[in-house]
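[1] Predicted model and sequence below, questions to follow.
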Amino acid sequence: MEASDRVSVIFPVGMLGGGFPAATVQRGIELGADAIAVDAGSTDSGPHYLGTGTAKTARAAVRRDLEILLTSALDAAIPLVITSCGTSGTDAGVDWIAEILTSIATEHAMTFRYATLYSELDRDTLHAARAADRIHPLPPLGALDPDTLDRCTHIVGLMGAEPIAEALGAGAQVVLTGRATDTASVAALALRRGLPPGPSWHAAKTVECGGLCTTDPRGGGVLVHIDHGGFTVEPLAEHAACTPTTVAAHMIYENADPFRLTEPSGVLDTSGASYTALDERRVRVTGARFEPAPRYTVKLEGAALAGYETLSFVGIRDPHVVSNIDQWIKIVSDTLAARAESLAGLTERDFQFRLRTYGANAVLGSLEPDTAPVREVGVLLQVRADTQDTATAIAKIANPILLHAPLPGMDHLPSFAFAISPAEVERGAAYEFVLNHVVEVDTPGELFRSVSREAGHV
Amino acid sequence: MSEGATLGEIARLVRSKNAGPFWITLDVFFAEDDDYQRVLRSGTVNRNQVSHLYGVRAGDVQIYELPAIRVIKISFPKPIPQGAFLDNDMHAGQSFLPLARLAVD
């Protein structure tokens, strides 16, 4: 690939399917964009999506965004890179986006080459790596127990820039990846043109949430120009602005360390970065450094089945019960445990349950600092068991207790407020994140599989 | 600002969010340099205080000062991982409150 003095990338939105004005992408292309990059995944919404290999985004919303990006990129003859397809970046997530991509291509009679890069990992590979002492924990987790690998329903590795750059170099006009670091797409687009890693990775981190580094995060994405001395970022929404503060502040977003960001190939260090306003809406950033790591490491994410859950929710307005809600919860808990055993022979070995008191302290729990009186309380019962049937049986046994449990001294049987019938909602399988580890590799691409495909050809 | 104001009253914004499933991070933004400096000088935000507010080990608490953007940033491992049975807040977006309610000396 020939070197460039500058690479300009459109990052239209923080997540594919999040929505953006089509005109903002067009503006980016008119301003000279060399590529479009967008991320489609995150662990933000919890372990369910990796556990099941399904997406949190609606197909219609993803298709709408993808149609604008694909037609814009092909019209302008610039590449489109989409990372962490399908929320969690499983193989199914990549195939889901690929299927939407090809359906758009067919509808528009477009033909193009695209690459799918898969990052889902099989247990045998990881067991071998663990046995070779090549898997290391990240705080706060400890050494990897082999059973943990076996419990995972899906495990993905976060790819870096190299596999994406390789696919682009092989001629892919669209690259769809499994799980990748949030920054891998923009960094790949810059690094493959010979631009230095400090500005490349820092620019990539700055724009990875689209308009979040601007004064109007919902207005549209950004265009970032990366060169040998640094990068310049500007918003794509006409009314929005990038200021030194909005740009610098993004380095701290959802990031434990505001100065150091670990990537597979090294660490981005922004402690020496400076942010200067070029005018009222563009910011120039210089001074970031990239420290290559002695070992290339791929971070792992894994979700394991944790049981099956059933929910129930009841509202309480009776002032006497509301003002004694802690006592009422204790009565419900004790009664439920006793009846589960006496009626169904189920004990704490078979199930667990929680009662959260919304309106009182459901959100902050014991950390709640406020003691103001409450008017009404919503009580959420969450039951978890090894089978759905057991979880639902417990929720059904709980139903008359949640409906009628009186406080001591009440001379009548109260009835509390269910909004729905039946009161129980089966939530299905519940998952938990169990990996926070890295695996050492000899080459950046060795864990990932790349497939080159043609869209639109009959 | 009057004496005895809370951190949330002095700051422009106090926010919290997960930093991956196993960490939480809190950002305190100040509109004015005087406010930022006043809070730093007060020593109110320290590892022991954060340990007390959030029930975590003081030794696990990281505190960063970013004078260029007038931010104090605090990070520590989540006592309960994101999405675990005991987790009440999938994004940890409401965990800012104990910090915001802290009185600044």
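    Received, thanks. As the structure is a prediction and not an experimental result, all values here were calculated from the model.

[2] what about residue A:277, how many neighbours?
    Around residue A:277 there are 15 other residues, counting by other C-beta atoms under 10 Å in any protein chain shown. C-beta here means a position set from N, CA and C on the backbone, and glycine is covered the same way.

[3] I figured it was touching residue A:248, is that so?
    No: the pair residue A:277 / residue A:248 is not scored as a contact, 11.4 Å apart, by C-beta atoms under 8 Å.

[4] who touches both of these two?
    Between them, residue A:277 and residue A:248 share no contacting residue under C-beta atoms under 8 Å, 6 or more residues apart in numbering or on different chains.

[5] In three-state terms, how would the residue nearest the centre of chain B be classified?
    Computing the C-alpha centroid of chain B and ranking residues by C-alpha atoms, centre = their mean puts residue B:26 first, at 4.3 Å. Following DSSP: H, G, I helix; E, B strand; the rest coil, the label given to residue B:26 is strand.

[6] Enumerate every residue touching residue A:149.
    Contacts for residue A:149 (C-beta under 8 Å, 6+ apart) come out as A:123, A:126-127, A:130, A:155, A:302.

[7] Also residue A:58?
    Applying C-beta under 8 Å, 6+ apart, one finds that residue A:58 lies in contact with residue A:17.

[8] what about the helices in chain A?
    Under the criterion DSSP state H, chain A contains helices at A:22-30, A:48-52, A:59-76, A:91-107, A:123-131, A:146-151, A:162-169, A:184-191, A:197-207, A:244-250, A:319-322, A:325-344, A:388-404.

[9] Distance check, residue A:252 against residue A:245.
    Distance of residue A:252 to residue A:245, given as C-beta to C-beta, to the nearest Å: 11 Å.

[10] Which of those two has more residues huddled nearby?
    Set residue A:252 next to residue A:245 and count neighbours by other C-beta under 10 Å: residue A:252 wins out with 24 against 17.

[11] I'd say the more buried one and residue B:72 touch.
    No: between residue A:252 and residue B:72 there is no contact under C-beta under 8 Å: 10.3 Å.

[12] which residues do those two both contact?
    Contact criterion C-beta under 8 Å, 6+ apart; residues shared by residue A:252 and residue B:72: B:27, B:66.

[13] ok, now which ones touch the residue nearest to the centre of chain B?
    By C-beta under 8 Å, 6+ apart, residue B:26 lies in contact with B:14-16, B:73-75, B:95-96, B:99.

[14] go again using 10 Å as the cut-off
    By C-beta atoms under 10 Å, 6 or more residues apart in numbering or on different chains, the residues touching residue B:26 are B:14-17, B:19, B:45, B:50, B:53-54, B:63, B:72-76, B:92, B:95-96, B:98-100.

[15] wait, residue B:102 sits on residue B:14?
    Yes: assessed by C-beta atoms under 10 Å, residue B:102 is found in contact with residue B:14 at 9.2 Å.

[16] Are there residues contacting both of the two? Which ones?
    Common neighbours of residue B:102 and residue B:14 (criterion: C-beta under 10 Å, 6+ apart): B:6-8, B:28.

[17] How many residues are close by the nearest residue to residue A:364 once chain neighbours are set aside?
    Excluding the flanking residues, the one nearest residue A:364 by C-beta to C-beta, 6 or more residues apart in numbering or on different chains is residue B:97, at 6.2 Å. By the measure other C-beta under 10 Å, the count of residues near residue B:97 is 18.

[18] Go ahead and confirm residue B:97 touches residue B:8.
    Yes: between residue B:97 and residue B:8 there is a contact under C-beta under 10 Å: 8.2 Å.

[19] low pLDDT regions in chain A?
    When residues are selected by pLDDT under 70, those of chain A lie in A:1, A:457-458.

[20] now do chain B
    B:1-3.

[21] And the strands in it, which stretches?
    B:13-18, B:23-29, B:62-66, B:71-77 (DSSP state E).

[22] Return the second one as CSV; C-alpha atoms alone will do.
    To tie it back to what came earlier, the one meant is strand B:23-29. As requested, the backbone C-alpha atoms of strand B:23-29 are provided in CSV (Å, rounded to 0.1, in the frame of the first residue of the first chain):
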residue,chain,number,x,y,z
TRP,B,23,-14.4,-1.8,36.5
ILE,B,24,-16.3,1.4,37.3
THR,B,25,-15.1,4.9,36.6
LEU,B,26,-16.4,8.2,38.0
ASP,B,27,-15.7,11.6,36.4
VAL,B,28,-16.1,14.9,38.1
PHE,B,29,-16.2,17.9,35.8
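
[23] Quickly run through the sheet partners of that strand, with directions.
    Strand B:23-29 pairs in its sheet with strand B:13-18 (antiparallel), strand B:71-77 (antiparallel), by DSSP bridges.

[24] Now mean neighbour count and distance to residue A:2 too, for these, in a markdown table please.
    Shown next, in a markdown table, are those (neighbours: other C-beta atoms under 10 Å in any protein chain shown; distance: least, C-beta to C-beta, whole Å):
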| stretch | mean neighbour count | distance to residue A:2 |
| --- | --- | --- |
| strand B:13-18 | 20 | 41 |
| strand B:71-77 | 22 | 41 |
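
[25] Which one of those strands lies nearest to residue A:268?
    strand B:71-77 (16.5 Å; C-beta to C-beta).
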